[in-house]
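Student: this one's structure only:
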Ligand SMILES: Nc1ncnc2c1ncn2[C@@H]1O[C@H](COP(=O)(O)OP(=O)(O)OP(=O)(O)O)[C@@H](O)[C@H]1O
Ligand SMILES: C[C@@](O)(CCOP(=O)(O)OP(=O)(O)O)CC(=O)O
């Protein structure tokens, strides 16, 4: 290849949502292929509030595959990254861009290196499913770059090999990861159950108790559970006992607040769930329930007095308006919820929650055409 022809760079940028499981994946029957021991179901969260953006580039001038995560170079040596790259490369198709004079044959993709730059707009490895959005975005962006023609089900089975929960992030709305039966994992794929419009007034409120990196990863946590627990089918309990760790109390008081309220109503208003960490995820059946929930949460878990409300409740702030809370004065004026007994003064937990994220079901992966959103320079293929 002449020096002139080494100059071209081809890039694609994609954005992919994260997801929260309502029926959890917990435990693998195959650690390498990442095959689960049960089906799982999740809600995809609105990428406007929580998402990964990944730019990928290919150029004959690159001499190795490289990745930058949240601005820092990140090794691609791990087996999970290598497997995703290999699977996508093996499905690459001929690509022609006559205007730019680029022609890449299926065979040539095998020897071309890629650059990857990714950014999570939320804390990484803190129990907010960064690996789910991250691997889904990596696989989706690479598939677009390499002109892969396979369907989303196949892409989900590749993302699964990066991180199990990632396979569900290939779809908007509500997704199911079918565990499958085959030893080679070919039938362990995710499917969409319903799109994001199916239940469009569902509101998800995440109490971020700690955005520090987790002390135990999901991978290690579920391996320990499978190896040591005879009660894996009761894993919800096991997760809470083993992995709340230091921030256990924040999560515990949130459960207690939600339970008390649900019991006082005719039917449950809010469901709650935890992934492998202390952050509580609450799912309100509609906006009215979400506003009432937020009033309760802000009453029991007010921010420190010097905090700024707009950074304490982030995401879909319209729920704050529905709750009638405009500023810190409104937070301080919130009365104890009616289900709290008049005789015992309600206990409040100031500062126990770092912040709340209000969000809703969202759309699946998209390609971003706006050049300003790209993380790699289109001329050089290096981070901007
Ligand atoms: N944008 C990204 N692109 C590629 N890989 C990512 C990205 N973000 C996170 N990861 C990978 O995921 C790992 C973090 O996954 P981990 O399961 O420990 O935490 P989490 O996904 O944030 O939490 P959980 O899965 O328990 O909800 C990172 O170390 C990195 O390898
Ligand atoms: C508690 C969970 O969030 C576990 C997620 O585990 P990961 O998908 O992060 O684990 P690996 O497959 O080892 O990468 C439940 C769920 O998302 O279903």
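Tutor: Nice, I can see it. These numbers were taken from a predicted model, which means no experiment stands behind them. Numbers count the residues shown, from 1 in each chain. Ligands and ions are numbered 1, 2, ... in the order given.
Student: list the contacts for residue 264?
Tutor: With contact taken as CB atoms under 8 Å, 6 or more residues apart in numbering, residue 264 is in contact with 338-339. From N, CA and C alone the C-beta is placed, and that goes for glycine too.
Student: where's it relative to ligand 1, distance?
Tutor: The spacing between residue 264 and ligand 1, counted by CB to the nearest ligand atom, to the nearest Å, is 31 Å.
Student: cool, and residue 202?
Tutor: For residue 202, the distance to ligand 1 - CB to the nearest ligand atom - is 20 Å.
Student: Could you give the number of residues near the nearest residue to that residue once chain neighbours are set aside?
Tutor: Nearest non-adjacent residue to residue 202, counting by CB to CB, 6 or more residues apart in numbering: residue 361, 5.7 Å away. By the criterion of other CB atoms under 10 Å, residue 361 has 25 neighbours.
Student: Contact partners for residue 297?
Tutor: Taking CB under 8 Å, 6+ apart, one finds 205, 207, 254, 257, 353, 356 in contact with residue 297.
Student: give me the number of residues near the closest residue to the fifth one other than its chain neighbours?
Tutor: In other words, residue 353. In this structure, residue 353 finds its nearest non-sequential neighbour in residue 301, 4.4 Å apart by CB to CB, 6+ apart. Residue 301 has 21 neighbours, counted by other CB under 10 Å.
Student: before we move on, back to that, from the contacts of residue 297, which is closest to residue 127?
Tutor: residue 207 (11.2 Å; CB to CB).
Student: and residue 172, backbone torsions?
Tutor: phi -80, psi 170 (degrees, to the nearest 10).
Student: in stretch 89-104, what's buried?
Tutor: 89, 91-92, 95, 102, 104 (16 or more other CB atoms under 10 Å).
Student: residues making contact with it?
Tutor: 8, 10, 58, 105-106, 109-110, 112, 143, 146-150, 154.
Student: so what's residue 335 closest to, chain neighbours aside?
Tutor: residue 299 (7.5 Å).
Student: Please work out the average pLDDT along stretch 313-321.
Tutor: Averaged over stretch 313-321, pLDDT sits at 96.
Student: which residues does residue 275 contact?
Tutor: Neighbour list for residue 275: 20-21, 24, 127-129, 218, 239, 281 [criterion: CB under 8 Å, 6+ apart].
Student: Just among the residues you listed, which is most surrounded?
Tutor: Among those, residue 129 has the most neighbours (other CB under 10 Å), with 31 neighbours.
Student: what separates that residue from residue 135, distance-wise?
Tutor: Separation of residue 129 from residue 135 (CB to CB, to the nearest Å): 10 Å.
Student: what's the answer for residue 322, then?
Tutor: Counting by CB to CB, the separation of residue 322 from residue 135 is 35 Å.
Student: residue contacts, the nearest residue to residue 368 once chain neighbours are set aside?
Tutor: Among residues not flanking residue 368 along the chain, residue 13 sits closest, at 4.5 Å (CB to CB, 6+ apart). If a contact means CB under 8 Å, 6+ apart, then residue 13 has 53-56, 141, 367-368, 373-376 as its contacts.
Student: Residue 253 now?
Tutor: 300-301, 349, 352.
Student: Give me the buried entries from those residues.
Tutor: 300-301, 352.
Student: rewinding a little: what mean pLDDT would you report for the one helix or strand the residue nearest to residue 368 maps to?
Tutor: Taking DSSP states H and E as the definition, residue 13 sits inside strand 10-17. The average pLDDT within strand 10-17 is 98.
Student: what about that strand, distance to the chain center?
Tutor: 16 Å (CA atoms, centre = their mean, to the nearest Å).
Student: So the helix or strand just after that strand, near ligand 1 or not?
Tutor: Using DSSP H and E, the helix or strand that follows strand 10-17 towards the C-terminus is strand 19-23. No - against ligand 1, strand 19-23 shows no contacts by CB under 6 Å from any ligand atom, the least distance being 8.4 Å.
Student: Check which helices and strands the very next helix or strand once past strand 19-23 sits against.
Tutor: Where DSSP H and E defines the elements, the next helix or strand beyond strand 19-23 is strand 28-30. Applying 3 or more CB pairs under 8 Å, 6 or more residues apart in numbering; DSSP states H and E, one finds that strand 28-30 contacts strand 35-36, helix 218-228.
Student: what about these, which gets the closest to ligand 1?
Tutor: helix 218-228 (3.9 Å; CB to the nearest ligand atom).
Student: how about the closest one, does it reach ligand 2?
Tutor: Yes - judged by CB under 6 Å from any ligand atom, helix 218-228 and ligand 2 are in contact via 218-219.
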